[in-house]
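Undergrad: this one's sequence-less:
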């Protein structure tokens, strides 16, 4: 009699703790979480404010970020610019508490509905990362001038982040 193998650990690079994608019916109509990560091992995540529905940010998750978000109830992402796991709010205190997590029909995109400590999610200091709009069609004038939708920042990034490097890459 041989011992049964122990279950795989949730290590980035394998599917644990997620189900294997076997059939279209299982993925689209089943109850098992079997996310589809892209060739870089990432899945997009849209994050909205639980109360207002406002889009706060769009980011990516790798297997570890998705597993930690599920485990802790706080948003974790994969930072493509810094190439590291990122617990949202670990530095700033602007933690995103997940109230609800959804996955789309073919399980290749995550939607988080969150409450944000401090009321802001953008490292630039605005409430939402989508603080500017792009005029289109008849609203468009010469050039590509962006219009600010938030008149004031929710916090001072220098006071919150100090000398930490800016994650925006040119």
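TA: Here it is on my side, so go on. Please read these numbers as outputs of a predicted model, since none were measured by experiment.

Undergrad: that's a strand at residue 114, yeah?
TA: Yes: secondary structure assignment places residue 114 in a strand (DSSP: H, G, I helix; E, B strand; the rest coil).

Undergrad: and the gap between it and residue 86?
TA: Remark: distance between residue 114 and residue 86 (C-beta to C-beta, to the nearest Å) = 15 Å. Yep, even glycine has a C-beta here, placed from its N, CA and C like the rest.

Undergrad: residue 105 now?
TA: Distance, residue 105 to residue 86, using C-beta to C-beta: 27 Å.

Undergrad: between residue 114 and residue 86, which one's more packed in?
TA: residue 114 (24 against 20; other C-beta atoms under 10 Å).

Undergrad: can you tell me the closest non-neighbouring residue to that one?
TA: With C-beta to C-beta, 6 or more residues apart in numbering as the criterion, residue 114 has its nearest non-adjacent residue at 4.1 Å, and that residue is residue 96.

Undergrad: and the one you found, how far from residue 132?
TA: 21 Å.

Undergrad: okay, those two: which has more neighbours?
TA: Just comparing residue 96 and residue 132: by other C-beta under 10 Å the higher neighbour count belongs to residue 96, 26 against 13.

Undergrad: where does pLDDT dip in the protein?
TA: Low-confidence segments of the chain, defined by pLDDT under 70: 1-16.

Undergrad: list the buried residues in the longest helix seen in it.
TA: Longest helix in the chain, counting residues (DSSP state H): helix 63-72. For helix 63-72, burial by neighbour count (16 or more other C-beta atoms under 10 Å) applies to 63, 64, 65, 66, 67, 68, 69.

Undergrad: quick check, the third one in contact with residue 80.
TA: No: judged on C-beta atoms under 8 Å, residue 65 makes no contact with residue 80 at a distance of 11.5 Å.

Undergrad: name the helices or strands packed onto the longest helix of the chain?
TA: Helices and strands touching helix 63-72, by 3 or more C-beta pairs under 8 Å, 6 or more residues apart in numbering; DSSP states H and E, are strand 76-79, strand 84-87, strand 96-103.

Undergrad: out of those, which one sits most buried?
TA: strand 76-79 (a mean of 22; mean count of other C-beta atoms under 10 Å).

Undergrad: which residues does that one contact?
TA: Residues outside strand 76-79 that contact it (C-beta atoms under 8 Å, 6 or more residues apart in numbering): 42, 45, 59-62, 64-66, 68-69, 84-88, 167.
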